[in-house]
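**Q** task: produce atomic coordinates for the following.
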Amino acid sequence: MSDFKEEVENMSFEQAIGALEALVNELENGGIDLDRSLEIYEQAVVLRNRCKSILEDGERRIRRIMETADGVREEQLDIS
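**A** Below is the predicted model of the structure:
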C-alpha cells in the first residue's frame, strides 16, 4: 500500500479524481470479492485525502492572492 500512497502523492487533482472514479465504477459493477472491496476502499481513502489536500492548497493560494496592501481581504469561498 505504501507504493500506492507514493504514487498518489505525485498525482494531479485530475489524475486522482479519475483514479477514484475508476474505483467507484469497479465497485458499482459488482462481482468482486470482499478482499478486493476492502482494497478498493483503502485506495479510495488515499485518493480522497490527496484530492482534499490539493483543494486545501488551492484555497490557501487563493487567500494569498487576495492579500492587499491594506492587509488581508478575507472572503468565504464556496468550493462545494
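
**Q** ok, residue 5 to residue 45 distance?
**A** For residue 5, the distance to residue 45 equals 10 Å [C-beta to C-beta, to the nearest Å]. Just so you know, the C-beta spots here come from the backbone N, C-alpha and C atoms, and that holds for glycine as well.

**Q** nope, residue 67 is what I meant
**A** Taken as C-beta to C-beta, the span from residue 67 to residue 45 is 34 Å.

**Q** got the contact list for stretch 8-22?
**A** 43, 44, 46, 47, 48, 50, 51, 54, 55 (C-beta atoms under 8 Å, 6 or more residues apart in numbering).

**Q** same question but for stretch 24-35, I mixed them up
**A** Counting by C-beta under 8 Å, 6+ apart, 37, 40, 44 sit against stretch 24-35.

**Q** buried sites along it?
**A** Residues of stretch 24-35 classed as buried: none (neighbour count, 16 or more other C-beta atoms under 10 Å).
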